[in-house]
Each structure stands twice: as structure tokens, then as C-alpha cells.
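Peer 1: just to be clear, the model below is a prediction. Sequence and coordinates:
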Amino acid sequence: MAEEKAAADKRNVGAGVSGIRLAIVKRAKAVVILPIVAALLALVAVTLIPDRYEGLAVIQIDPRQSPSPSLDASAETTVPAAFEGERLAVDAQIATLRSSSVLDRVVEALHLTGNPAFQSRPLMMRIISPFQKVDAATTAREALAALLTIERVRSSSLIKVRASSRDASTATAIANAVAAQYIAQQRSAAWQLDGSQSGSQQQTASEKVFESLLNQYGFAHTLSGARIVEVAHTPHRPAGPKRAAIVATVGVTTLILMLGLAVLLERDTRLRTRRVELTLSCPHMTSLPSVASDDAAAMPARRARLIIAEPACGYADAIRTACQELLDRSREQETRVILVASALANEGAEPFASNIAHHLAVAGQKALLVDCDFQGKCLTRQLAPQCSSGLLDQIAAHAPVENVILRDSLTGIHFLPASGPAPIPLTGKAALRSVAFTAAFQHLKTRFSTIVVSGPPLLDATDAQALGDLADQIVFLTAWHRTPRALAKKAVSSLEANQRKVVGAVLADIPDDHDAGLMSFSAMFDEIRRAARLPILERAA
């Protein structure tokens, strides 16, 4: 058992790898070319972005900075509490560096109110307060704040002041000015504090000796107040944008997205059989590839006889598969009445029924194709446009239907048209419910081994339900990614008791899959469109 399970797992893994490889190979054009196009577009975009320079100054805050008053100094201080106090102290100094008092001094020192680059408010400020009117100094301060990045250096008491600008000298001047104004403000506050303390309390002899020692050995500057550790120097190279990194990121990201999209699209293709079986509660019979309609106007009957016109095409292969499935599920019936129906019109049920009948006739069976779509009469117009009467005419006149059956000498197929061009005083619904119609079908079953009936759309009329009573097998056809699943399920349910006769579902309008070939861009985009449109249609239904 263990060996069999291991072998099964190995097969599943191999199938998964093979499926991924096939998904990528089929869509190789889009997978390879689209990332290259995205990278080129990113290159053009970053080329248009101007260079930006950065000036960097480093400040060390006052090491005697007291922790936040929220911490209890009388309590036993733990290591995490000490770190938290230091963090709060650094955060307070960063807030001071970003304060209006420091920035206003920088604006005044560098005369930024007269600089054109600082005469417009940043985009974010305009979004936050679009109708607020501010003066030139406030505008310059907001523009200056947008260019600054102030952050702590890891877990130290150092603070980086980084200024960004299109001009290297401007960036350097701003970083140094912010650092200098902050130091000046801190020293002014310290002098005021020392003056107030000296006026209220005289130094003791011990404190005077300790201060003289600090001054004598040069520790006073290191331990007292904040200081500039590193001044900003004029940069010679721009700090951004990182063009190579941006282009590489866009290219690699697009490649990863395309690889994932290719796998998802292939998975959607392979799971559609399972989806249709779960939705319609019937087995999947076959899938009909999309057929180009270039010759439809010049030769209307071509698609109805495609298995004769192009026996090697994918559509013909699907027809042969469907006929074999019908034969396997016939339950050894001598005479079969096969009803082909769809939920809506123009889904491809008529040409599918015609090709099935043509294949059976060529295979040697005595097959009859009946057009029972009395309103659309699609097959009648394609296969017998010159007919003067049909099934509905004979039922209305109480005449034998055998008199209007046509035979193709080339394929041996027999065809019973829906009706002639003349008006008939009998509706299709009334004809299908009549005793004469039932008797005519019983007589036809004695003459033909297989009768293929092309019925009207299930949701457009109630005729198909009556035809279901006469059918031995029902084939339900639905256009994949075009008809909402909810409508397809509703159409099958409308057969009521005859739903048990549905031997299989046929998916039409499937993109032709060429495992060994490459899908074109249009085919892949059409595949994406179909996959994206289906959930929308389902929700709308």
C-alpha cells in the first residue's frame, strides 16, 4: 500500500509539473514579451524622472535627556524600561526637529520664501486642506517638511537628518541648516534652564570641583547638550531614482505575474469539465472548438456539414467523440431519438445536430435529421432553402411527413425541414402537442435507425419540453464562457422529468487548444476576457 501511494503521489507530482510546463509553453509569447515591454516602459518612465540629491547630517541628542515623565523614576528600573525611556527621549527630539519653530528658522535663514521651488504647497497638503489659504512662509515650511526625512540610527542616540532636492547644494544647505537650528534651539533652552537654576540654587563646593574637572579634562563638550556628529557634504551622485532597480523590479514582477496567470488560465481550462458536471448534474460529453465564420456568408451550409467539408479539423474530432459517447450510452436501443437542445439561440446546437446526423449517415446508418425549431428554422434555411413544405405543413394538413423528407445522395442523410415559406394556420406548440405529431414520430422510428432532432432553445419556448417526451437521449449544448451557468442550469431543470434522459453536456465555443503550439496574443487576451467575464455574468444572472 505504501509503495502504491508513493507511486500515485509521484504521478500526481509529475502531472502537476507537466501541466505547469504546458501552461507556460502555450503562452510563451505573452509570458516572455510582456515583461520585456513592461521593463521598457518603466525605463522610459524613470528616464523622464529628474535626478534627486540627498544631503545627510547626523545629530547626537543630549545624553542627559530625561525619560518620559510617565515612567516612575522612584521604582526599580528594568532594562526594557530604560530602553523605552531612551526611545521616548529620541522620539521627542525627532518631533522637535520636525516642529514649526525649527523649520520656520530654517526658512528664514535660507530665504526659502523667495525660492520658486518652495512657493507651492505639497500635493498631500493640498489634498488634506484644499481650501485653506496660507501665507508664503507657511507654504515654504510645508514644502520644506516634504523634503525632510528624520529618523533614528538603529537603537543609538543618533538622529539622521536627510534632505532631498533636485539641486545638490540645496539639499546640503537644508540638512545643515536644520541641524544647526536644532542645536541652537537646544542650547538656548539649556541656557535658560541653567540661568533659572543658578538663580534659585547655588552650587555646592563639590559641584564646583566636579565642574572644574570636567572643563579641565575636556569632557564638558561631550557630555553636555546635543551636538552635530557629521555635517552634510555636497553629493556628487544622485541618490535617486534607482533606475536599474526600478526597471529590474518591474520586469521581474511582470514575469512572475504572467507565469502565475498562465498557470491559472491553464487550470481554468482543465477544470471546466468538472465545473460543467457539477453545475448541470450530467457528464461532460465533449467540447467543440470555436469555428471561424469567414465562409458562413458565402456558404451557409458549410458549418452544418463541417465533418464532411473538413474531416481533419478539431470540430470534426469532437463530433466523432460525441457520436461514440452516444453509442456507448444508447443502452442497446434499436431505434434512437436524439434531441439536441441549448438554453439560448445561436449557441451552436443546430450545426452540432446536423454534423452528428451527417457522421452517422456516412458511417452507414439510416439517419434522419429533423428541424423542429419552427421559429428559427436555422437548419432548413441552410440545408434546404428551396423547400416548399416541411414537417409543420404536413401536420397541419394531416398529410404523411414522409412526402417532404429530403435525401442527400452524397452522404445518404435524410432531412425533414421545419416548414415551407407559406404561412401555416398552426403554431409549433400546438403541433408538438398534437396526436398527429406523436403518430408521425412513431412511424418515422420504424423507418430510421437514428433520428436526430434539432430542438428550439429551452428558455425561449416550451416546444423542447414536448420533444423531450419523444426523445430517448437528450444532449444539452451550452456556449462556454458566454452563457451564464445559472441560465444553463435553469434550462436543464426546465426539462423536468425528462432531465433523466440527458446523457451528456457539450461545451461549445471553446478556444482550440494546441498543446505543441504557441498561443497568439489575441488568443490569450481572449482567454483572459472570457475567464474574467464569466463570474460577472453569473452574478448578473
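Peer 2: Everything's here; your move. Please read these numbers as outputs of a predicted model, since none were measured by experiment.
Peer 1: measure stretch 475-492 end to end?
Peer 2: 10 Å (C-alpha to C-alpha, to the nearest Å).
Peer 1: which positions in it come out as buried?
Peer 2: Across stretch 475-492, burial judged by 16 or more other C-beta atoms under 10 Å covers 475-481, 483-485, 487-489, 491-492. Just so you know, the C-beta spots here come from the backbone N, C-alpha and C atoms, and that holds for glycine as well.
Peer 1: which one among the residues you listed gets closest to Leu110?
Peer 2: Set against Leu110, the nearest of those by C-beta to C-beta is His481 (63.3 Å).
Peer 1: any idea which helix or strand in this protein has the lowest mean pLDDT?
Peer 2: helix 220-223 (a mean of 44; mean pLDDT, DSSP states H and E).
Peer 1: can you pull the contacts of the residue nearest to Ser157 when sequence neighbours are not counted?
Peer 2: Leaving aside its sequence neighbours, Ser157 sits nearest to Ile61 (C-beta to C-beta, 6 or more residues apart in numbering; 5.2 Å). For Ile61, the contacting residues are 89-90, 93, 157-159, 226, by C-beta atoms under 8 Å, 6 or more residues apart in numbering.
Peer 1: likewise for Ala316?
Peer 2: Taking C-beta under 8 Å, 6+ apart, one finds 306-307, 310, 355 in contact with Ala316.
Peer 1: now it. Its backbone dihedrals?
Peer 2: phi -60, psi -40 (degrees, to the nearest 10).
Peer 1: same question, Phe476
Peer 2: Backbone phi and psi, for Phe476 under degrees, to the nearest 10, turn out to be phi -100, psi 130.
Peer 1: list the residues that contact it.
Peer 2: Applying C-beta under 8 Å, 6+ apart, the residues near Phe476 are 280, 282, 341-342, 488, 491-492, 502, 504-506.
Peer 1: quick one: Phe118 from Leu112, how far?
Peer 2: From Phe118 across to Leu112, the span is 4 Å (C-beta to C-beta, to the nearest Å).
Peer 1: so how do I select the buried members of the contacts of Ala316 in PyMOL?
Peer 2: Per 16+ other C-beta under 10 Å, the buried members of the contacts of Ala316 correspond to this PyMOL selection:
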select buried, resi 306+307+355
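Peer 1: can you list the contacts of Ala316 in a markdown table and add secondary structure?
Peer 2: Listed next are the contacts of Ala316 as a markdown table, based on DSSP: H, G, I helix; E, B strand; the rest coil:
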| residue | secondary structure |
| --- | --- |
| Leu306 | helix |
| Ile307 | helix |
| Glu310 | coil |
| Asn355 | helix |
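Peer 1: among the contacts of Ala316, which two are most distant?
Peer 2: Taking C-beta to C-beta, no two of the contacts of Ala316 sit farther apart than Glu310 and Asn355, at 10.7 Å.
Peer 1: isn't Leu326 up against Val503?
Peer 2: Yes: between Leu326 and Val503 there is a contact at 6.8 Å, judged by C-beta atoms under 8 Å.
Peer 1: now do the shared contacts for those two.
Peer 2: Going by C-beta under 8 Å, 6+ apart, residues that sit against Leu326 and also against Val503 are 473, 475.
Peer 1: pLDDT of the strand or helix carrying Leu144, averaged?
Peer 2: According to DSSP states H and E, Leu144 maps onto helix 136-147. In this model, helix 136-147 carries a mean pLDDT of 91.
Peer 1: again, but for stretch 342-351
Peer 2: 90.
Peer 1: rewinding a little: what's the closest of the contacts of Ile61 to Val276?
Peer 2: Val90 (63.8 Å).
Peer 1: show me the contacts for that closest one.
Peer 2: If you count contacts by C-beta under 8 Å, 6+ apart, then Val90 has 61, 152, 157, 159 around it.
Peer 1: same thing but at 6 Å, please
Peer 2: Applying C-beta atoms under 6 Å, 6 or more residues apart in numbering to Val90 gives the contacts Arg152.
Peer 1: tell me which element it is part of?
Peer 2: Secondary structure (DSSP H and E) places Val90 in helix 79-97.
Peer 1: list the buried ones in that helix?
Peer 2: In helix 79-97, counting by 16+ other C-beta under 10 Å, buried: 85-86, 88-90, 93-94, 96-97.
Peer 1: how about Val291, nearest residue that isn't a chain neighbour?
Peer 2: Using C-beta to C-beta, 6+ apart, the closest residue to Val291 is Tyr315 (5.6 Å).
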